[in-house]
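A.B. asks: structure here, sequence nowhere to be found:
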């Protein structure tokens, strides 16, 4: 499991404090976590402890994705497209470019640029739909499928490690 530097731990604590203040401002204040004399938080099953575990895992997942794919471009709607493509492939379905754009919540013109990015990265490829030649079908490449599968394996390991630490 990845070790965090003191600076990263301090940043995480700062982010958690900001979230705590945001929740307090909305009337959904979380109770202050109990601490022992050393300042360590107790009660691992408390709402705040659960939130801390979820935040930690979320940050870890984002870092794993950035390191695994080596590109900051795979975020937001482009990442949504990758997820849709992987899901479609697992169900042996094909998605059109317009399906991907709609699923990612972007206009078709933006979606086409994002699909071009996926092609440039070697993760997806376009082809003409044989039944309707006006439609463009987008699929993950072999490389794209392998990269997504290995990414989710890493996420599974991180999630298991996170659950073991929380227990």
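C.D. replies: Cool, got the structure. Since the structure is predicted, the reported quantities are computational estimates derived from the model, not experimental observations.
A.B. asks: use CA for all of it now, contacts and neighbours both
C.D. replies: Will do.
A.B. asks: which strands and helices sit next to the top helix by length along the chain?
C.D. replies: As assigned by DSSP state H, the longest helix anywhere in the chain is helix 142-166. If contacts are counted by 3 or more C-alpha pairs under 8 Å, 6 or more residues apart in numbering; DSSP states H and E, helix 142-166 sits against helix 47-69.
A.B. asks: at 10 Å what do you get?
C.D. replies: Other helices and strands packing on helix 142-166, by 3 or more C-alpha pairs under 10 Å, 6 or more residues apart in numbering; DSSP states H and E, are helix 47-69, helix 76-90, strand 124-128, strand 136-140.
A.B. asks: in a markdown table: the ones you listed, plus distance to residue 116, mean pLDDT and mean neighbour count.
C.D. replies: Putting the helices and strands packed on helix 142-166 into a markdown table (distance: least, C-alpha to C-alpha, whole Å; pLDDT from 0 to 100; neighbours: other C-alpha atoms under 10 Å) gives the following:
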| stretch | distance to residue 116 | mean pLDDT | mean neighbour count |
| --- | --- | --- | --- |
| helix 47-69 | 16 | 85 | 16 |
| helix 76-90 | 10 | 94 | 18 |
| strand 124-128 | 9 | 96 | 17 |
| strand 136-140 | 10 | 96 | 22 |
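A.B. asks: and residue 144, how close does it get to residue 53?
C.D. replies: Here the distance between residue 144 and residue 53 works out to 30 Å (C-alpha to C-alpha, to the nearest Å).
A.B. asks: same check, this time on residue 86
C.D. replies: On the measure of C-alpha to C-alpha, residue 86 and residue 53 end up 27 Å apart.
A.B. asks: ditto for residue 125
C.D. replies: If you measure residue 125 against residue 53 using C-alpha to C-alpha, the figure is 37 Å.
A.B. asks: picking up where we left off before, which positions in the longest helix of the chain come out as buried?
C.D. replies: Buried residues in helix 142-166, counting neighbours by 16 or more other C-alpha atoms under 10 Å, are found at 144-145, 147-148, 151, 154-155, 158-159, 162.
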